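Trainee: please find the sequence and the predicted model below.
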Amino acid sequence: MAGARSLVVVVAVLLVSAGCLSPAGVGELTPAAGDASTETATATVADDLPGTPVPSTEPVVRATVVEVVDGDTVKIRYDNGTRDTVRLLGIDTPEVHAENTPGEFEGVPDTEQARQCLRQSGVRASNVVEDRLAGERVGLGFDENEGRRGYYDRLLAYVYLDGEQVNYRLVAEGHARVYDSEFVEGERYYAAEERARDAGRGLWTCTTATADGGETTASDGGQAERTADATLDISVHADAAGPDGDNLTDEYVTLTNTGDDALAVGGWTVSDEADHVYRISEGTTIAPGGSLTVYTGSGSDTETDRYWGRNSPVWNNDGDTVTVRDARGTTAATRTYG
């Protein structure tokens, strides 16, 4: 990210004058010492999901995500040690800890299958946010049309990671709907939601009311199923030598391009039945006959080897389903084993 550094005291004064500091007894929004920048954040999203954040919503506060409550709520710690709860502004992900109301999601029927589908989508959204934000240092931006606090005294904010507005990304990927309000990013968000809904991404698969979220899974003990034009095979090495948790680089999934043309997989995701999600970095291509292996543990990425960087196993030794989705959220291939 590029942008001019501002003195801490200047940002602090701006925050006070804008009413950003919370009342006594509630965690203050504390800029990081030496890192209180007002930076231009350029969203790096898929080509069909363009968008640049409205300048007034750029991050002005830094904090570390210490807990993910669900897909639209996280807990943070400021640099001075105080803590706060953030509700991602402008979005709403399906409930995980309460009953969902299908009528809140356009086109989703009021059926038990749809409720189950929304619950699964909520779990997926939570896991996506967990994988992306847990332990990360993020930027927080605010909205001039919204108050600083919402229900339960939660801070309402745009969350930025590596220059990208996470709230927008969740809508664009179909993990969240737009929460009806007058926030300044609304027009951009509604357009992203419409594209996600039209493409049937994420929670919008629930419009078909299928109990499994509209995704195909293999049921033949390990054969991969693919969309008609897909050229991707999946193999799984789930049972690492010794205790799995002590040997995470011996747990891996390999994606093989069986086609005659290079396969661009940048922005694609690999996930398990519990919806732990690994996102393949932009620009990644698998050559014809070539493979890309995703290791659960940590290591140095190469053209053919990628490392998830997790601290615990992902793939169940006694059976699981690997799902690969393209950048639009469409299932490209699955493999069930066990």
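Mentor: In hand now; what should we look at?
Trainee: do you know the pLDDT at the nearest residue to Tyr189 once chain neighbours are set aside?
Mentor: Distances taken as Cβ to Cβ, 6 or more residues apart in numbering put Val178 closest to Tyr189, at 4.7 Å, once the chain neighbours are dropped. Bear in mind the C-beta positions are built from the backbone N, C-alpha and C, glycine included. Turning to Val178, the model gives it a pLDDT of 94.
Trainee: thought Val178 was touching Ala191?
Mentor: No: counting by Cβ atoms under 8 Å, no contact exists between Val178 and Ala191, whose distance comes to 9.6 Å.
Trainee: would you map the helices across this structure?
Mentor: In the chain, the helices defined using DSSP state H lie at 8-17, 112-133, 166-172, 186-199.
Trainee: out of these, which is closest to Asp153?
Mentor: For Asp153, the closest of the helices of the chain is helix 8-17, at 18.0 Å, according to Cβ to Cβ.
Trainee: any idea of the mean pLDDT for the closest one?
Mentor: Across helix 8-17, pLDDT averages out at 37.
Trainee: stretch 129-146: how far from the chain's middle?
Mentor: Using Cα atoms, centre = their mean, to the nearest Å, we find the averaged C-alpha position of stretch 129-146 to lie 11 Å away from the chain's own average C-alpha position.
Trainee: average pLDDT for that stretch?
Mentor: In this model, stretch 129-146 has an average pLDDT of 93.
Trainee: endpoints of it, how far apart?
Mentor: Using Cα to Cα, to the nearest Å, the end-to-end distance of stretch 129-146 comes to 23 Å.
Trainee: please apply the same query to stretch 242-262.
Mentor: Termini of stretch 242-262 sit 36 Å apart (Cα to Cα).
Trainee: now it: average pLDDT?
Mentor: On average, the pLDDT along stretch 242-262 is 90.
Trainee: okay, now the domains of the protein?
Mentor: Residue ranges for the structural domains of the chain, counted by automatic domain parsing, are given in the record as 8-208, 224-337.
Trainee: okay if I get these as TSV plus mean neighbour count?
Mentor: Shown next, in TSV, are the domains of the chain (neighbours: other Cβ atoms under 10 Å):
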stretch	mean neighbour count
domain 8-208	19
domain 224-337	17
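Trainee: which of those has the lowest mean pLDDT?
Mentor: The minimum mean pLDDT among the domains of the chain belongs to domain 8-208 (a mean of 78).
Trainee: and that one, how far out from the chain middle?
Mentor: For domain 8-208, the distance between its averaged C-alpha position and the chain's averaged C-alpha position is 10 Å (Cα atoms, centre = their mean).
Trainee: follow-up on the earlier one: just put the helices of the chain in JSON lines and tack on distance to Val96.
Mentor: Putting the helices of the chain into JSON lines (distance: least, Cβ to Cβ, whole Å) gives the following:
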{"stretch": "helix 8-17", "distance to Val96": "33"}
{"stretch": "helix 112-133", "distance to Val96": "4"}
{"stretch": "helix 166-172", "distance to Val96": "14"}
{"stretch": "helix 186-199", "distance to Val96": "20"}
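Trainee: strands paired with the strand ranked longest in the chain, and their directions?
Mentor: Using DSSP state E to define each element, the chain has its longest strand at strand 61-70. Each strand pairing with strand 61-70, determined using DSSP bridges, is listed with its direction: strand 73-77 (antiparallel), strand 137-141 (antiparallel).
Trainee: so which of these comes closest to Ala333?
Mentor: strand 73-77 (31.3 Å).
Trainee: what sits up against the closest one?
Mentor: 63-69, 83-88, 129, 133, 138, 140, 154, 159 (Cβ atoms under 8 Å, 6 or more residues apart in numbering).
Trainee: what residues are up against Ala240?
Mentor: Residues in contact with Ala240 (Cβ under 8 Å, 6+ apart) are Asn247, Leu248, Asp250, Glu251, Pro313.
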